[in-house]
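Participant: No letters, just coordinates:
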């Protein structure tokens, strides 16, 4: 419901496998690059704008308030000095340090870059289904 946005468009390349620091820097991670344009194409084929989030809020008491809150959160999410972490986000596992460790050096450790687009690996089958993958150029490396 947050990404992509006009303030934080899809990057040129999306890394679909970035679990640990060592995996982030190795060849396996290099093989898991996917062009951001493929995900933009997926959004366009679904009748959405390329900088529009992939999902809409569906469970809310007040939809207008929810949409306004999302717009404000998108501004914060695009700020390079903000690490936006979603509640119950499984994509941060193996990347961020958990309690009792601190998150004070998140920027130096590159956590934002490593987790920001990881959710897109769940959309690779959708890319293939609508033909936005351009011949399966996107691969999720386990």
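Facilitator: That came through, no problem. Predicted model, so just to flag it, every value in this text is computed and none were measured. Numbering: from 1, shown residues only.
Participant: which helix is the longest one in this protein?
Facilitator: As assigned by DSSP state H, the longest helix anywhere in the chain is helix 63-78.
Participant: Return the helix or strand in this protein with minimum mean pLDDT.
Facilitator: Of all helical and strand segments in the chain, the minimum by mean pLDDT, DSSP states H and E falls on helix 27-30, at a mean of 47.
Participant: got the end-to-end distance for stretch 100-111?
Facilitator: Start and end residues of stretch 100-111 are separated by 17 Å (C-alpha to C-alpha, to the nearest Å).
Participant: How about the residue most central in space within the chain: what's its closest non-neighbour residue?
Facilitator: In the chain, the residue lying closest to the centroid (C-alpha atoms, centre = their mean) is residue 117, at 2.0 Å. Spatial nearest neighbour of residue 117, chain neighbours left out: residue 14 (4.8 Å); criterion: C-beta to C-beta, 6 or more residues apart in numbering. C-beta here means a position set from N, CA and C on the backbone, and glycine is covered the same way.
Participant: Sheet partners, orientation included, of the helix or strand the one you found falls within?
Facilitator: In the assignment (DSSP states H and E), residue 14 maps to strand 13-15. When pairs are called by DSSP bridges, strand 13-15 turns out to pair with strand 33-35 (antiparallel).
Participant: Pull out the buried positions in the partner strand.
Facilitator: Buried positions in strand 33-35, judged by neighbour count with 16 or more other C-beta atoms under 10 Å: 33, 34, 35.
Participant: quick revisit: identify the residues contacting the residue nearest to residue 117.
Facilitator: By C-beta atoms under 8 Å, 6 or more residues apart in numbering, residue 14 lies in contact with 33, 34, 35, 36, 39, 117, 120, 138.
Participant: Could I get those residues in TSV, plus columns for distance to residue 83?
Facilitator: Putting the contacts of residue 14 into TSV (distance: C-beta to C-beta, whole Å) gives the following:
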residue	distance to residue 83
33	23
34	23
35	25
36	21
39	22
117	14
120	18
138	26
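Participant: With pLDDT and distance to residue 61 as extra columns, can I get these in JSON lines?
Facilitator: Below are these laid out as JSON lines (pLDDT from 0 to 100; distance: C-beta to C-beta, whole Å):
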{"residue": "33", "pLDDT": "74", "distance to residue 61": "40"}
{"residue": "34", "pLDDT": "82", "distance to residue 61": "36"}
{"residue": "35", "pLDDT": "84", "distance to residue 61": "39"}
{"residue": "36", "pLDDT": "87", "distance to residue 61": "34"}
{"residue": "39", "pLDDT": "89", "distance to residue 61": "31"}
{"residue": "117", "pLDDT": "91", "distance to residue 61": "30"}
{"residue": "120", "pLDDT": "89", "distance to residue 61": "29"}
{"residue": "138", "pLDDT": "72", "distance to residue 61": "37"}
